[in-house]
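A.B. asks: kindly generate the corresponding structure for this input.
(one chain, ligands or ions: 1)
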Amino acid sequence: MSHPLEYSICPKDPGAHLFEVSLTVAEPAPGGQVFAMPAWIPGSYMIRDYAKHVVSIRAESDGLDVPLDKLDKSRWQAAPVEKPLTLVLEVFAHDHSVRGAHLDSTHAFFNGTCVFPAVEGQEERSCRVDVRPPPEPHGKDWRVATSMRALGDEQYAYGIYEADDYAELIDHPVEIGKLAIGEFDVEGIPHAIAIRGSVRVDMGRLCHDLQTVCEQQMKLLGKPADLDRYLFLLDAPAKGRGGLEHRWSSALVFARDGLPAKKDQAITDDYRDFLGLVSHEYFHLWNVKRMKPAAFTPYDLSTETHTRLMWVFEGITSYYDDLALVRSGLIGHDSYIELVGQTITGVLRTGGRHRQNIADSSFDAWTKFYKQDANARNAIVNYYTKGALIALALDLKIRVDSRGEYSLDDVMRECWRRFGETGEGMPEDGFEDVSKSVTGLDLDDFFDAAVRGTGELPLEPLLKQHGIEYHLRQSLSSTDRGGKPANDGSAPGVWLGVTLATPSGRTTVASVANGSPAELAGLAPGDEIVALDGLKLTKANCDKRLKRYRVNDRLDLTVFRNEELLTTRIKLAEAPCNTCYLVQAGDVDSAIAERRDAWLGPE
Ligand SMILES: [Zn+2]
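C.D. replies: Numbers count the residues shown, from 1 in each chain. Presented below is the predicted three-dimensional model:
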């Protein structure tokens, strides 16, 4: 007997980057079945209109062609038929990101959102997918990695896979290629990592470290009832960084040189960054995949879906990602506070934090955060980084005000119990309500200021009460991300107030800070920098050149705008102290040391 919804997918033409997808509906709607491609993928809040990659589409039933009517940008309707209806489509796949689909002679990767149409009215029905191999001579040594349930016993193989409904079907990205696979257990649950790319990695160490991170996260909120497997899909190209969370897996991109080789022992900055990424996506299996904003319950994949809670789901996840590294002992306190210093620096360098609050940043993610223009730094605040700092401030405040009785961990556990385990979805005021009811603290002023205000967060006094000193200094160079003291380096002392880019080797203005010398001198995004004070100025020599000048020096600055040479006078100003680093205070009383250890774990 046939299944109600049978999909198949084949990497049919790797050279032309075309997947062939078919879908047979056993009981099509009597009035004419409607099919829809998603406009967006959960976890990435931007309209992507995946239907635009459908190159051809046709329908047939009982051996005869069935007319298809295009209803709008994402939907088609087939003429009424009485027998099972089959849709066949070709989909172009050359988006090499965790949100897309990609097919070439080296591998195939896809998210269901990119290739599988939904059957309107039958979204709740279970689906089967036949994952087929590419035609010869492609893919001789390819294997299949996905968290979707295989019907057969063979692992990492072509064949039939199964999902309970359409939402689940599109929540299992699939990688087909030459894979290095490592396996490990977390609380008895089988976990695996499948790595694609020419990578010589110490798989034993990698699995050990991933296990440590996952076990730490599992301690916080406990094992979800339906978590019976988990898979990290990792693409390891020369450059890149990204991740997308799913319920039983995550898709990651990370530059191969950051992964540990056989002889490596230390945790390099890049590897620490990788572990933070893994930790982040794994934490999402609770926070946003199972516990969601009520607005996402269920997802409407046809249009933008707004919530003021993105900071709870991305910011708090960003807080717990690095925190799990220090709590599990993978990194020490100093390494952790260096990361916090970098996050603070990133926020302090964004003037937009005084213009946009974090609730509005969440709400407008679709059109602002995901569609940043040259003015973004001046106009918007990042709900990941500022959200992480709000989580940090809230955690420390709860610990101090409750005299160590409660922490953000207790708030998250109660949120998980109420909105995650029940699948109810978190109402817009849910997080703040739970924070107050769990701790018994009056947090209204805190949330008004932190979430709906645009002032600075009270991090300095809160960190001090945990034995951490907060310091600010000037930036040493355009590559200085903060987190560390200046040591021997000296800052230029003056600044122009621009960020520079180097398209095709030219130095151009990427953005201009409001109120900066560059803005007062009339510089605009896109200007090609030619010279400062008669000497060639580039992104590479800018920091060194500026060291030769002092505050209030007036200089000629020459740029090309639309290939027209413009010369303007620029008056240099003192560089802002917007680079943060944190230091563990040496001599602290035992109460403070205890509080610090309760937060970060003992060293
Ligand atoms: Zn995230």
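A.B. asks: would you list every one of the strands in the stretch 101-250 of the chain?
C.D. replies: Applying DSSP state E, counting those that start in this stretch to the stretch 101-250 of the chain gives strands spanning 101-104, 107-110, 118-119, 127-131, 143-146, 149-150, 159-163, 174-177, 179-186, 189-196, 230-235, 241-245, 249-254.
A.B. asks: distance to N378, mean neighbour count and mean pLDDT added to these, as CSV?
C.D. replies: Using the backbone N, CA and C atoms, a C-beta is placed for each residue, glycine as well. Output for those, formatted as CSV (distance: least, Cβ to Cβ, whole Å; neighbours: other Cβ atoms under 10 Å; pLDDT from 0 to 100):
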stretch, distance to N378, mean neighbour count, mean pLDDT
strand 101-104, 35, 22, 98
strand 107-110, 36, 25, 98
strand 118-119, 40, 25, 98
strand 127-131, 46, 21, 98
strand 143-146, 42, 22, 98
strand 149-150, 48, 16, 97
strand 159-163, 44, 18, 97
strand 174-177, 39, 23, 98
strand 179-186, 43, 17, 97
strand 189-196, 39, 20, 97
strand 230-235, 34, 25, 98
strand 241-245, 25, 19, 97
strand 249-254, 29, 25, 98
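A.B. asks: show me what the lengthiest helix in the chain is packed up against.
C.D. replies: Counting residues, the longest helix in the chain under DSSP state H turns out to be helix 203-221. Contacts defined by 3 or more Cβ pairs under 8 Å, 6 or more residues apart in numbering; DSSP states H and E place helix 203-221 against strand 179-186, strand 189-196, helix 269-283, helix 316-327, helix 408-415.
A.B. asks: name the residues that touch the fourth one?
C.D. replies: Contact with helix 316-327 is made by 213, 216-217, 220, 272, 275-277, 279-280, 283-284, 287-288, 331-333, 335-336, 339-340, 343, 384-385, 387-388, 391-392, 395, 408, 412, 600-601, as judged by Cβ atoms under 8 Å, 6 or more residues apart in numbering.
A.B. asks: next one: stretch 448-465
C.D. replies: 311, 344, 353-359, 381, 389-390, 392-394, 396-397, 400, 432, 469-470, 582, 585, 592, 595.
A.B. asks: repeat for stretch 496-505
C.D. replies: 377, 478, 507-513, 515-519, 523, 529, 538-539, 542, 546, 570, 572-573.
A.B. asks: is it possible to export the strands of the stretch 101-250 of the chain to TSV including distance to P14?
C.D. replies: Listed next are the strands of the stretch 101-250 of the chain as TSV, based on distance: least, Cβ to Cβ, whole Å:
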stretch	distance to P14
strand 101-104	5
strand 107-110	7
strand 118-119	26
strand 127-131	15
strand 143-146	15
strand 149-150	23
strand 159-163	20
strand 174-177	10
strand 179-186	16
strand 189-196	14
strand 230-235	16
strand 241-245	23
strand 249-254	20
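A.B. asks: quick one: which of those strands is nearest D13?
C.D. replies: strand 101-104 (8.1 Å; Cβ to Cβ).
A.B. asks: what about A157, neighbour count?
C.D. replies: As a burial measure, A157 scores 12 neighbours (other Cβ atoms under 10 Å).
A.B. asks: phi and psi next, for it.
C.D. replies: phi -120, psi 160 (degrees, to the nearest 10).
A.B. asks: pLDDT value on it, please?
C.D. replies: For A157, the pLDDT comes out at 97.
A.B. asks: kindly report the same for P458.
C.D. replies: 98.
A.B. asks: could you measure it against T385, distance?
C.D. replies: Distance from P458 to T385, counting by Cβ to Cβ, to the nearest Å: 17 Å.
A.B. asks: out of these two, name the residue with the larger neighbour count.
C.D. replies: Counted by other Cβ under 10 Å, P458 and T385 do not tie: T385 has more neighbours, with 21 against 14.
A.B. asks: verify the stated contact: the more buried one with T345.
C.D. replies: No: the pair T385 / T345 is not scored as a contact, 9.5 Å apart, by Cβ atoms under 8 Å.
A.B. asks: follow-up on the earlier one: rebuild the helices and strands packed on helix 203-221 as a markdown table, extending it with distance to F19.
C.D. replies: Converted to a markdown table, the helices and strands packed on helix 203-221 look like this (distance: least, Cβ to Cβ, whole Å):
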| stretch | distance to F19 |
| --- | --- |
| strand 179-186 | 19 |
| strand 189-196 | 17 |
| helix 269-283 | 25 |
| helix 316-327 | 31 |
| helix 408-415 | 39 |
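A.B. asks: nearest to A118, of the ones you listed?
C.D. replies: Using Cβ to Cβ, the nearest of these to A118 is helix 269-283, at 24.9 Å.
A.B. asks: circling back: so which of the strands of the stretch 101-250 of the chain gets nearest T367?
C.D. replies: Here strand 241-245 is closest among the strands of the stretch 101-250 of the chain (Cβ to Cβ), at 20.2 Å.
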